[in-house]
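Peer 1: Sharing a sequence plus its predicted fold:
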Amino acid sequence: MSIPQQTRVGDAAVRPPDLADRCIPDLVAAQAAERPNALALTAEAKPLTYGELNDRANRLASHLRSLGVGVDVPVGLCLPRSLEMVVAALGILKAGGAYVPLDPAYPPDRLAFMLEDAQAPVLISTPPLSQRLPAARRHLVCLGALQQIAAQPASSPPVEIASSNLAYVIYTSGSTGKPKGVEITHGSLANLVFWHNQAFSVTAVDRASHVAGLGFDAAVWELWPYLVAGASVHLADEDTRNSAELLWDWLLAQRISISFVPTPLAECLLTLCLRGPRTTELRIVLTGGDTLHHYPPPGLPFLLVNNYGPTECTVVATSGPVLPNRSPQMLPPIGRPIANSEIYVLDEHLQPVSGDTPGEVYIGGPGVARGYHNRPDLTAERFIPNPFGSNAASRLYKTGDLARVLADGQIAFLGRIDDQIKIRGYRIEPTEIVSVLSRHPDIRASLVVAREDAPGDKRLVAYVVLEADSDLSHTGLRDFLRRFLPEYMLPAAFVRLDAFPLTPHGKIDRAALPAPDATNRLQDDVSAGPHTRTEQRVAGILGELLNLDEIGLDDNFFLLGGHSLLGAQLIARLRDAFGVEIALRSLFEAPTVAALSAEVERLTENENSLEGATSSPSCVTLEAQVGIGL
């Protein structure tokens with residue numbers, strides 16, 4: 001079949017090295033051999049050199065080999081974001097295995113399903129975390145706790161890894177009600193790494209950030225390209241990675257030169273970085289995971305690059321810089337195909353669309369995953385033979401995304417052709433949430449959609465039809481869902497309906513679904529209202545941020561639909577209103593109006609005490625003495 005000009009987008013190519021001889025672990029080992037004392041990683045002010053990283057990973061790999069880990073053997077990885085997490089991932093790769101990221105924040109039932117579905121014979125974790133997971137028929141490896149690891153040789157174990165072998169299996173939301181594992185090979189990972197390092201001129205002098213959570217595939221992108229190039233990777237702590245203001249200060253303090261920042265945080269950085277005269281070594285900010293709504297302002301001290309790609313195509317399939325005020329009447333494009341990637345925009349008959357007509361995005365090339373773990377039916381449905389390929393084994397991934405090709409060859413993302421949702425970088429199948437809702441005895445029917453009633457503030461909303469005698473509350477339903485779903489999949493609001501609105505054809509009329517308000521939301525038992533002026537102002541700020549008319553004294557910010565990104569906005573508004581700086585950690589510890597108000601008053605009193613104390617000579621002397629001690 002001939003390929004019309006507009007069918008395949010992009011023609012850039014870069015050839016990665018022959019992975020029959022070398023793979024990502026070998027290339028990291030080469031950096032360790034050449035520059036053993038160079039900084040590889042930092043986390044919580046703890047450094048790890050390339051020599052230390054390589055030696056520790058080698059010892060772990062040899063131990064894993066003794067437990068039966070070899071090529072294509074999945075290994076569960078359930079660790080906090082830490083140096084140990086990176087050592088473990090590299091050790092698994094060196095053993096020939098494929099690491100399976102298991103985010104410790106996920107519910108135990110979800111983690112158990114992922115571990116069992118992956119059929120991982122070995123789990124790397126900590127004793128407290130491992131207690132949340134099934135241990136039957138599985139070796140548990142705790143880094144630093146086993147003498148068997150320390151006794152292993154520091155040299156690389158002899159393992160032959162081919163480009164077709166698995167590097168990792170990462171789970172995404174599934175339309176069947178259960179998450180599904182995506183199998184990514186070493187060849188796919190290598191294409192990402194070598195495109196990235198060439199496209200962004202990454203060298204050993206670069207300092208890169210690591211911000212994404214373990215279950216988000218961007219974590220892969222934030223790690224391996226830089227360790228292959230000999231650069232240093234700096235892991236942000238939990239508070240920092242969830243707050244735009246803390247993140248911007250951290251990027252400056254750590255002298256980061258290239259960073260991936262999820263789209264919602266990146267849009268906040270666009271304004272923060274222009275406040276006041278600041279110098280930065282940051283030269284590139286990569287963003288992706290959600291729709292970018294804004295173009296960067298003039299005078300931005302770094303290049304903003306928008307990226308697009310499903311997990312099934314190894315993180316990134318298209319990429320392109322976003323320039324200021326390019327075309328304010330349209331959303332920023334998602335760039336052009338990365339090296340060796342093939343992008344096709346096709347109609348329902350797999351025929352190329354003409355001009356800038358919208359069509360579904362299909363992706364081909366070495367980044368395409370092997371398929372879904374233990375799901376041959378779904379693999380055959382989504383990974384199809386390439387009708388435009390010269391190789392009989394060539395496949396296309398059917399994304400379900402709608403796009404059109406612009407006149408300059410860039411791609412404009414238009415949304416989904418199905419109900420799949422992306423929020424804060426996570427891909428969510430609403431049917432998975434509906435499947436869990438259907439298990440609740442009080443729910444007769446349910447529907448989950450994403451609403452964006454305020455521009456740039458996309459939230460999950462569940463519409464439920466309850467049994468007649470139900471007294472189900474907001475908190476009760478969220479607590480039920482929390483047993484099975486991670487936090488990012490919990491709806492911000494539950495709207496009670498007597499029946500779903502229907503079109504004349506008998507289908508659910510989504511356009512007629514009401515916005516959540518005080519009259520239709522599931523509520524909790526009414527708590528006392530705010531009394532003091534501070535409580536009233538705090539409640540007003542929460543209500544404005546969460547689009548709620550009434551906030552009770554004991555209402556919980558997170559149970560009302562708040563999340564960490566909104567939490568950062570809440571902290572900023574409290575600072576503007578009261579002149580105090582509340583740590584994001586304090587918000588998690590004190591998420592109610594009453595507790596937040598008490599924290600505001602405590603900080604205000606401390607500020608007043610400090611202002612009075614600084615006028616006292618004795619306090620100045622004490623301050624000087626403390627300073628000498630530092």
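Peer 2: Looks like it arrived, so ask away. Keep in mind that this is a model prediction, so the values were computed, not measured.
Peer 1: Walk me through the domains of the chain.
Peer 2: Under the assignment named as automatic domain parsing, the residue ranges that make up the domains of the chain are 429-512, 533-613.
Peer 1: Is it possible to get CSV of those domains that adds mean neighbour count, mean pLDDT and distance to residue 80?
Peer 2: Every C-beta, even on glycine, is put in place using the N, C-alpha and C of the backbone. Putting the domains of the chain into CSV (neighbours: other CB atoms under 10 Å; pLDDT from 0 to 100; distance: least, CB to CB, whole Å) gives the following:
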stretch, mean neighbour count, mean pLDDT, distance to residue 80
domain 429-512, 16, 86, 15
domain 533-613, 17, 78, 15
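Peer 1: who touches the nearest residue to residue 191 once chain neighbours are set aside in this structure?
Peer 2: Counting by CB to CB, 6 or more residues apart in numbering, residue 191 lies nearest to residue 366, which is 4.4 Å off, once chain neighbours are set aside. The contact partners of residue 366, by CB atoms under 8 Å, 6 or more residues apart in numbering, come to 187, 188, 190, 191, 340.
Peer 1: Next, give phi and psi for the last one.
Peer 2: It refers to residue 340. Recorded main-chain torsions at residue 340 are phi 70, psi 0, according to degrees, to the nearest 10.
Peer 1: Return the per-residue confidence for the residue nearest to it when sequence neighbours are not counted.
Peer 2: What sits nearest to residue 340 in space, not counting adjacent residues and going by CB to CB, 6+ apart, is residue 365, at 4.9 Å. In the predicted model, residue 365 carries a pLDDT score of 95.
Peer 1: re the thing from before, now the contacts of residue 366 in TSV, with neighbour count?
Peer 2: Shown next, in TSV, are the contacts of residue 366 (neighbours: other CB atoms under 10 Å):
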residue	neighbour count
187	20
188	25
190	25
191	26
340	19
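Peer 1: Rebuild those residues as CSV, extending it with pLDDT and secondary structure.
Peer 2: As requested, the contacts of residue 366 are arranged in CSV below (pLDDT from 0 to 100; DSSP: H, G, I helix; E, B strand; the rest coil):
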residue, pLDDT, secondary structure
187, 95, helix
188, 96, helix
190, 95, helix
191, 95, helix
340, 94, coil
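Peer 1: Ranking helices and strands of the chain by mean pLDDT, which lands last?
Peer 2: When each helix and strand of the chain is scored by mean pLDDT, DSSP states H and E, helix 617-629 comes last, with a mean of 26.
Peer 1: State the pLDDT value of the most centrally placed residue in the chain.
Peer 2: Nearest to the mean C-alpha position of the chain, counting by CA atoms, centre = their mean, stands residue 216 at 3.8 Å. Looking at residue 216, its pLDDT reads 88.
Peer 1: how close does it get to residue 242?
Peer 2: Computed with CB to CB, to the nearest Å, the distance linking residue 216 and residue 242 is 13 Å.
Peer 1: Now do the end-to-end distance for stretch 246-264.
Peer 2: 14 Å (CA to CA, to the nearest Å).
Peer 1: Residue 209: what's its closest spatial neighbour, skipping adjacent residues?
Peer 2: residue 259 (4.1 Å).
Peer 1: Within its local environment, how many residues does that neighbour see?
Peer 2: 26 (other CB atoms under 10 Å).
Peer 1: I'd assumed residue 252 was in contact with it.
Peer 2: No: taking CB atoms under 8 Å as the contact criterion, residue 259 and residue 252 are not neighbours in contact, 11.0 Å apart.
Peer 1: Quickly list what's touching both of those two.
Peer 2: residue 282.
Peer 1: Residue 171 versus residue 130, what's the distance?
Peer 2: With distances taken as CB to CB, residue 130 is found 18 Å from residue 171.
Peer 1: Between these two, tell me which one has more neighbours.
Peer 2: For residue 130 and residue 171, the more surrounded residue by other CB under 10 Å is residue 171, and the numbers stand at 25 against 18.
Peer 1: Wait, that one touches residue 181, no?
Peer 2: Yes: with contacts counted by CB under 8 Å, residue 171 reaches residue 181, the gap being 5.1 Å.
Peer 1: list residues touching both of these two?
Peer 2: 100, 114, 117.
Peer 1: ChimeraX command for the buried members of these?
Peer 2: To isolate the buried members of the shared contacts of residue 171 and residue 181 in ChimeraX, using 16 or more other CB atoms under 10 Å:
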select :100,114,117
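Peer 1: quick check, nearest of the shared contacts of residue 171 and residue 181 to residue 587?
Peer 2: The shortest gap between residue 587 and any of these belongs to residue 114, at 28.9 Å (CB to CB).
Peer 1: ok, that closest one touching residue 181?
Peer 2: Yes: the criterion here is CB under 8 Å, and residue 114 meets it with residue 181 at 7.2 Å.
Peer 1: hmm, back to that, residue 309 versus the residue nearest to residue 209, what's the distance?
Peer 2: Distance, residue 259 to residue 309, using CB to CB: 18 Å.
Peer 1: before we move on, what about residue 404?
Peer 2: Plainly put, residue 404 is 18 Å away from residue 309 if you go by CB to CB.
Peer 1: All good on my end, thank you.
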